[in-house]
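Student: show me how the following folds:
(one chain, ligands or ions: 1)
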Amino acid sequence: MLEEVQKGLEGVLVAESGLSSIDGDAGRLVYRGYDIETLAREASYEEVLYLLWHDELPTATDLEAFSDRIAEERELDVDVLETVRRLANADEEPMAALRTAVSALSASEPEAEADPEDLEATLRKGRRITAKIPTILAAFERYRLNEAPIEPHPDLDLAANFLYMLTGEEPDEVAAETMDQALILHADHGLNASTFTAMVIASTMADVYSSVTGGIGALSGPLHGGANQDVMEMLIEVDESDRDPLDWVKNATDEGRRIPGFGHRVYDVKDPRAKILQARCKELSEASGDAKWYDYTTTIEQYLSEDQGLVEKGIAPNVDFYSGTVYYQLGIPVDMYTPIFAMSRVGGWVGHALEYQADNRLIRPRARYVGPDEAEWVPLEER
Ligand code: CMC
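Tutor: Numbers count the residues shown, from 1 in each chain. Okay, the predicted model is just below:
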């Protein structure tokens, strides 16, 4: 047995996986061998889900059938909708509401009784969860605004339908494409904290609802998925400070603030997803004629990377650095950014749960005990 503790499991190999691979030195990410740039440009989110869950790209017929099934499974059971309404009325945080609602979904799962070893049933359950998450989030947002939820639009793909259910208006092509691309970029990323959480749960042969619920909890933290919201809140803070962004970031680093959206356990260079989202952010800024947010981010990035020398230290922008400004320009409320990350990453959680359960071994590491060797028991009344 290893004697050394690998804090944060850094560099520890715990499984083999064919889903995604990250080259942190070259800044390369692939899903099943396909470069993220190619997938972002050529594929749809549904196509990527199929790839992650079925090991290969779908044919046109497979994709149509798969997308249709997802579209058919979007509606929520009335009890789940009521749970979402109550959570919105109670001012619950969106990630916490999503966690609760996904957990509640299992009560209306038609294959609840399926054998945990029936991985085809697990895949179908995962597909139902994936189909319903956008409906949960959009309904939550509508209830918060005291508006009625909008029924899913059967003819729109998952990304466009999400934007439609948020606003009641069909998104234009740029918005729909941007959302779809953002979902592709976030769908899988090796054994990140939330995927590992989902996998640990799957390794007990618990059902996929538990894996996804656990994944949402792990993703919500500021060191993981919560960073995209933090980045946007930081940019709003810069804006409201009325200071020059360069001054602001100099001051923030002097105060020792850790800038969200920078740094990554695996990448030593700029995250390839950040490059794609940066280009999207630029395009959206040019189209709207307002480059303020793009300018803030690039100023902060340049100062941290070059003047503060973070590039040499291997601390570069990660996916969260540019996703916030992209969502902001699509008019999405800031506290919905991490839930959108979950709406996409569910693809990876389900994929890894399926992959791990196909050759399962309970995940059960050890801790080096550093407590006292022998302690003398003192009765309660004598303490
Ligand atoms: N700004 C300034 N310095 C940083 C930053 C940052 N954002 N991130 C890491 N560092 C420094 C840190 O101070 C430390 O320096 P030193 O060795 O001199 O003490 C060194 O880099 C290593 O940091 P660490 O926290 O030990 O590294 P880690 O691998 O445990 O942390 C991280 C990775 C993502 C938690 C961290 O970079 C961070 O907190 N970033 C900000 C939050 C963030 O953007 N999270 C999203 C991650 S990517 C999306 C996702 O997968 O969810």
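Student: from here on, contacts and neighbour counts on C-alpha atoms
Tutor: Noted.
Student: how about the strands in the stretch 1-150 of the chain?
Tutor: Assigned by DSSP state E, counting those that start in this stretch, the stretch 1-150 of the chain shows strands spanning 20-23, 28-31, 34-35.
Student: contacts for the last one, please.
Tutor: What that stands for is strand 34-35. With CA atoms under 8 Å, 6 or more residues apart in numbering as the test, strand 34-35 has contacts from Arg28, Leu29.
Student: can you list the strands that it pairs with?
Tutor: Here strand 34-35 is paired, per DSSP bridges, with strand 28-31 (antiparallel).
Student: do the same with the first one
Tutor: Based on DSSP bridges, the pairing partners of strand 20-23 within the sheet are strand 28-31 (antiparallel).
Student: state the mean pLDDT of the strand it pairs with.
Tutor: In this model, strand 28-31 has an average pLDDT of 98.
Student: do it and the ligand meet at all?
Tutor: No: using CA under 6 Å from any ligand atom, strand 28-31 stays clear of the ligand, coming no nearer than 12.7 Å.
Student: restricting to C-alpha, output that strand in PDB.
Tutor: Listed next in PDB are the C-alpha coordinates belonging to strand 28-31 (Å, rounded to 0.1, in the frame of the first residue of the first chain):
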ATOM      1  CA  ARG A  28      -5.600  20.000 -25.800                       C
ATOM      2  CA  LEU A  29      -8.900  18.300 -24.900                       C
ATOM      3  CA  VAL A  30     -10.500  15.500 -26.800                       C
ATOM      4  CA  TYR A  31     -13.700  13.500 -26.400                       C
END
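Student: spell out which parts of the stretch 201-350 of the chain neighbour the ligand.
Tutor: 223-225, 227, 258-265, 318-320.
Student: pLDDT below threshold where in this protein?
Tutor: 1-2 (pLDDT under 70).
Student: what's the single longest helix in it?
Tutor: Longest helix in the chain, counting residues (DSSP state H): helix 119-144.
Student: confirm that Tyr369 sits in a strand.
Tutor: No: secondary structure of Tyr369 (DSSP: H, G, I helix; E, B strand; the rest coil): coil, not part of a strand.
Student: that one: neighbouring residues, count only.
Tutor: By the criterion of other CA atoms under 10 Å, Tyr369 has 7 neighbours.
Student: quick check: the gap between it and Tyr294.
Tutor: Between Tyr369 and Tyr294 the distance is 49 Å, computed by CA to CA, to the nearest Å.
Student: now Tyr209
Tutor: Applying CA to CA, the value for Tyr209 to Tyr294 is 38 Å.
Student: mind splitting the chain into its structural domains?
Tutor: As recorded under automatic domain parsing, the domains making up the chain are 23-222+334-358, 227-329.
Student: so how far is the shortest one off the chain centroid?
Tutor: If I follow you right, that is domain 227-329. In this view, domain 227-329 has its centroid 18 Å away from the chain centroid, taken as CA atoms, centre = their mean, to the nearest Å.
Student: now do the contacts for Pro339.
Tutor: For Pro339, the contact set (CA under 8 Å, 6+ apart) comprises Pro94, Met95, Leu98, Leu137.
Student: can you do 10 Å?
Tutor: 93-99, 133-134, 137, 216, 219-220, 225-226, 229, 345 (CA atoms under 10 Å, 6 or more residues apart in numbering).
Student: check Phe140 too.
Tutor: Phe140 touches 81, 83-89, 91-92, 94, 97-98, 101, 134, 146-149, 166, 336, counting by CA under 10 Å, 6+ apart.
Student: just say helix, strand or coil for the nearest residue to Glu93 once chain neighbours are set aside.
Tutor: Distance criterion CA to CA, 6 or more residues apart in numbering; nearest residue to Glu93, sequence neighbours excluded, is Asp335 at 7.9 Å. Per three-state DSSP, the local secondary structure of Asp335 is helix.
Student: what sits against the closest residue to Pro317 other than its chain neighbours?
Tutor: Sequence neighbours aside, Phe262 is the residue nearest to Pro317 in space, at 4.4 Å (criterion: CA to CA, 6+ apart). By CA under 10 Å, 6+ apart, Phe262 lies in contact with 227, 231, 270-271, 301, 304-305, 310, 314-321.
Student: now swap in Asp230 and tell me
Tutor: Applying CA under 10 Å, 6+ apart, the residues near Asp230 are 222-223, 236, 259-261, 320-321, 324, 334-335, 337-338.
Student: in which helix or strand does it reside?
Tutor: Taking DSSP states H and E as the definition, Asp230 sits inside helix 227-241.
Student: now do the very next helix or strand once past that helix and helix 227-241, the angle between them.
Tutor: Using DSSP H and E, the next helix or strand after helix 227-241 towards the C-terminus is helix 245-254. For helix 245-254 against helix 227-241, the angle by axes from the mean of the first three to the mean of the last three CA atoms, to 10 degrees is 120 degrees.
Student: show me what helix 245-254 packs onto, helices and strands only.
Tutor: The helices and strands touching helix 245-254, judged by 3 or more CA pairs under 10 Å, 6 or more residues apart in numbering; DSSP states H and E, are helix 227-241, helix 292-302.
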